[in-house]
Structure formats: C-alpha cells, structure tokens
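1. Could you look at this predicted model? Sequence included:
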Amino acid sequence: MTSQPPTEPVKKIVIASDHAGYRYKRRIIDRLTKKGYQVEDLGTDSTESVDYPDFIFPAAKAVAEGKFERGIVLGGSGNGEAMAANRIKGIRCAVCWNEKSARLARMHNNANMISLGERMISIEDVYEIIDIWLSTPFEEGRHNTRIQKLDQ
C-alpha cells in the first residue's frame, strides 16, 4: 500500500434515494448524524413510487460541484441509482454489497459516492459498508492515471 499524507476526515455527506431505499436512508441519516456528520437529505420522503433520477441527479451534481465531500444513494438494488449518479462528470459511484467492495471502491477507484440496495443487504451490513467506505483512504499511485481517464 502506498503511504499518503493524512487527509481531513469526511464531514459533509449528501444522501438520496428512491422509494425502495427510503427506509434505510432514514436510518443511515440518523446514524451518521449521531456520529457527527453533516448530512443533507435530497429525498425522496416516502415509500410512494418515484423515478430515481429525479433524486439521484441532484445528489450527484452536489458532490461533483464540491458542495459535499461524499454521497450515498439508495434504491432496491442500487444499480439504477449508481448508473444515474455516474452520468454526472466527476462522479465515481460504486455499487457496494459487502465490506470488500466498499474498501476497494475507495482504495482503487476513489469512489466519491456509493449506491446501496435495500432489497439486497441487511441494515447491519449497510452500516459496516458505510463505515469502511468513509474511513478508507484512496491508495493513489497507479490508480491516479485510471481515475484521470474516467474524469476526462
């Protein structure tokens, strides 16, 4: 692993979901707020059916514009939400389903957003995934070139 200078801890997180991720979103916000993070919720506000791009695009744009350091999006599987977020230049949103996927998303891909599927993983696993993703540094080195190619 490449050594790197200490980085500032993540403080500001944006979160958004569709109806299928709403329940987990509420629990994640409560947990992150109790841990001292500033979390802004961009919706949705219920389990009533909605179109995920309406909520995911604003969250991804806010991260890309630097208003937030990281973003979390949720849906039933997390796939559509990641696809929507990744349409925004500068976003690297990884679908995470376990601790290893979260760790590698940060270490190798410098993921600034993650997407989680409420129908796919337990809330306990979601908490662990988020904790790992927030605390894992980007390795840089050989990965920088790849990230630069994504962002071009």
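-> It's in.
2. tell me the mean pLDDT over stretch 120-130?
-> For stretch 120-130, mean pLDDT is 98.
3. residues making contact with the helix or strand of the chain with the lowest mean pLDDT?
-> Counting by mean pLDDT, DSSP states H and E, the chain has its least confident helix or strand at helix 142-151, which shows a mean of 81. The contact list for helix 142-151 (Cβ atoms under 8 Å, 6 or more residues apart in numbering) reads 89-90, 92, 107-110. From N, CA and C alone the C-beta is placed, and that goes for glycine too.
4. same deal with stretch 126-135?
-> 10, 24, 28, 31-32, 70, 72, 96-99, 101-103, 105-106, 111, 114, 116, 121.
5. switch to 7 Å and redo it
-> 10, 24, 28, 31, 72, 96, 98-99, 102-103, 105-106, 114, 116 (Cβ atoms under 7 Å, 6 or more residues apart in numbering).
6. re the thing from before, buried only: go through the contacts of helix 142-151 for me.
-> 92, 107-110 (16 or more other Cβ atoms under 10 Å).
7. and these as a markdown table, adding secondary structure, distance to residue 18 and pLDDT?
-> Below are the buried ones among the contacts of helix 142-151 laid out as a markdown table (DSSP: H, G, I helix; E, B strand; the rest coil; distance: Cβ to Cβ, whole Å; pLDDT from 0 to 100):
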| residue | secondary structure | distance to residue 18 | pLDDT |
| --- | --- | --- | --- |
| 92 | coil | 21 | 97 |
| 107 | helix | 28 | 95 |
| 108 | coil | 28 | 95 |
| 109 | coil | 23 | 94 |
| 110 | coil | 25 | 95 |
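8. Quick one: mean pLDDT over the helix or strand hosting residue 13.
-> In this assignment (DSSP states H and E), residue 13 forms part of strand 12-17. Over the span of strand 12-17, the pLDDT mean works out to 98.
9. All set now, cheers.
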